[in-house]
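Asker: no sequence on this one, just coordinates:
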């Protein structure tokens, strides 16, 4: 799994227990999944269709640095299925896992549109 993003847990990210608010972490993950998909499918019109069970395995505290990792499970006709993990960068302890998220490629009409992709591409390989 490639870890693409780092987030620093700040006071405004905490819940009343003094740990990272789960909703904040899910917002970070959803944004990262969208950005990853936009880059892979080369289309800024992307939506989250489905997230499987979300498993909170540990928590994070103020000052911790969180890494968000993503891998492609498969490419569909108009979608891409991803797995995701967020972990504490310093301890490598897993904070959350999401076994499956489906992101859908949309056309200008806002309806699912075939993307024609079948494998992961890296931006550096697109630039000639």
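Answerer: Happy to help now that I have it. Being a predicted model, the structure only gives us computed values, none of them experimental.

Asker: CA atoms for contacts and neighbours, from now on please.
Answerer: Will do.

Asker: Now tell me what touches the helix ranked longest in the chain from outside.
Answerer: For the chain, the helix reaching the highest residue count under DSSP state H is reported as helix 22-41. The contact list for helix 22-41, computed with CA atoms under 8 Å, 6 or more residues apart in numbering, reads 5, 13, 44-48, 68, 70, 80, 82, 84, 103, 105, 115, 117, 120-123.

Asker: Select from those residues every entry located in helices.
Answerer: In this view, the contacts of helix 22-41 that belong to helices under DSSP H are residue 123.

Asker: now, which of the contacts of helix 22-41 lie within strands?
Answerer: Applying DSSP state E to these, the entries found in strands are 5, 46, 47, 48, 68, 70, 80, 82, 84, 103, 105.

Asker: I'd like to know how far the residue positioned nearest the centre of the chain sits from residue 18.
Answerer: Nearest to the geometric centre of the chain sits residue 33, at 2.9 Å (CA atoms, centre = their mean). Distance from residue 33 to residue 18, counting by CA to CA, to the nearest Å: 26 Å.

Asker: again, but for residue 72
Answerer: Computed as CA to CA, the residue 72 to residue 18 distance reads 33 Å.

Asker: More neighbours: which of those two?
Answerer: Shown here are residue 72 and residue 18; by other CA atoms under 10 Å, residue 72 has more neighbours (18 against 13).

Asker: For the closest residue to that one other than its chain neighbours, give me the pLDDT.
Answerer: Spatial nearest neighbour of residue 72, chain neighbours left out: residue 82 (4.5 Å); criterion: CA to CA, 6 or more residues apart in numbering. pLDDT, residue 82: 98.
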